[in-house]
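# after the sequence you'll find the predicted model.
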Amino acid sequence: MDGAENGEHSRKMVFVTVGTTCFDALVKAVDSQQVKEELSRKGYTDLLIQMGRGSYMPSKVSGEDEPLTVDYFTFSPSIADYLKSASLIISHAGSGSIFETLRLGKPLIVVVNEDLMDNHQSELAEELAERKHLFYACPQTLHQTIQDMSPESLIPYSPGNPMPVVRLMNKFLGFPTD
């Protein structure tokens with residue numbers, strides 16, 4: 001018997017990660033009523049926020065009558081299990097978080113921290129968004145990105161073959177090339 005026959009609804013979790021940084025603007029954005037309503041409208045039931053070193057404390061919401069439950073934590077030794085169990089990931093623009101999520105084939109919204117001086121991360125996120133591997137937003141546009149997104153429109157990311165680069169580096173460094 002599946003959950004629907006038991007009167008339970010299937011759960012759809014949104015996992016938000018800021019990595020090891022402080023990105024209060026992202027945490028505030030996902031904690032906003034606008035974003036939470038949009039996530040609920042899209043059928044998401046749970047919002048779990050990894051808030052890193054930030055000082056903004058999102059509001060926890062729980063209960064069977066709530067359309068969207070919200071919980072948070074600061075750090076975890078590994079976020080791999082959270083990424084695997086999520087239906088949607090909202091992430092800072094760190095390349096590690098981006099590529100780990102893309103390898104799992106999960107829908108991803110990358111939110112760029114506009115307060116960073118040299119924001120090379122935004123270039124990566126913009127390029128991957130242009131290639132339709134992920135959605136791209138800033139904290140102020142996150143609710144609109146969620147409203148407009150269609151996860152089915154994303155193109156799965158397939159990593160390239162690193163061996164030609166490895167061989168070239170080995171040759172350059174004088175190592176065997178086989």
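Received, thanks.
# where does the chain have low pLDDT?
For the chain, the stretches flagged by pLDDT under 70 are 1-9, 117-119, 177-178.
# how close does S59 sit to R131?
The gap separating S59 from R131 is 36 Å, by C-beta to C-beta, to the nearest Å. Using the backbone N, CA and C atoms, a C-beta is placed for each residue, glycine as well.
# what does G96 give?
G96 is 19 Å from R131, by C-beta to C-beta.
# and what of K60?
Between K60 and R131 the computed distance is 36 Å (C-beta to C-beta).
# what's in contact with stretch 87-97?
12-19, 21, 23, 26, 30, 39, 44, 79, 83, 98, 101, 106-113, 119, 121-122, 124-125, 142, 151 (C-beta atoms under 8 Å, 6 or more residues apart in numbering).
# typed the wrong thing, it's stretch 109-121
For stretch 109-121, using C-beta under 8 Å, 6+ apart, the contacting residues are 21, 23, 25-26, 29, 88-95, 98, 122, 125, 128-129, 134-139, 142, 145-146, 149.
# in helices only, show me the residues you listed.
A25, L26, A29, S95, I98, S122, A125, L128, A129, L142, T145, I146 (DSSP state H).
# what about the last one, neighbour count?
What that stands for is I146. By other C-beta atoms under 10 Å, the residues close to I146 number 24.
# which stretch of helix or strand covers the nearest residue to it once chain neighbours are set aside?
Nearest residue to I146, sequence neighbours excluded (C-beta to C-beta, 6 or more residues apart in numbering): E38, at 4.4 Å. In this structure, E38 sits in helix 33-41 according to DSSP states H and E.
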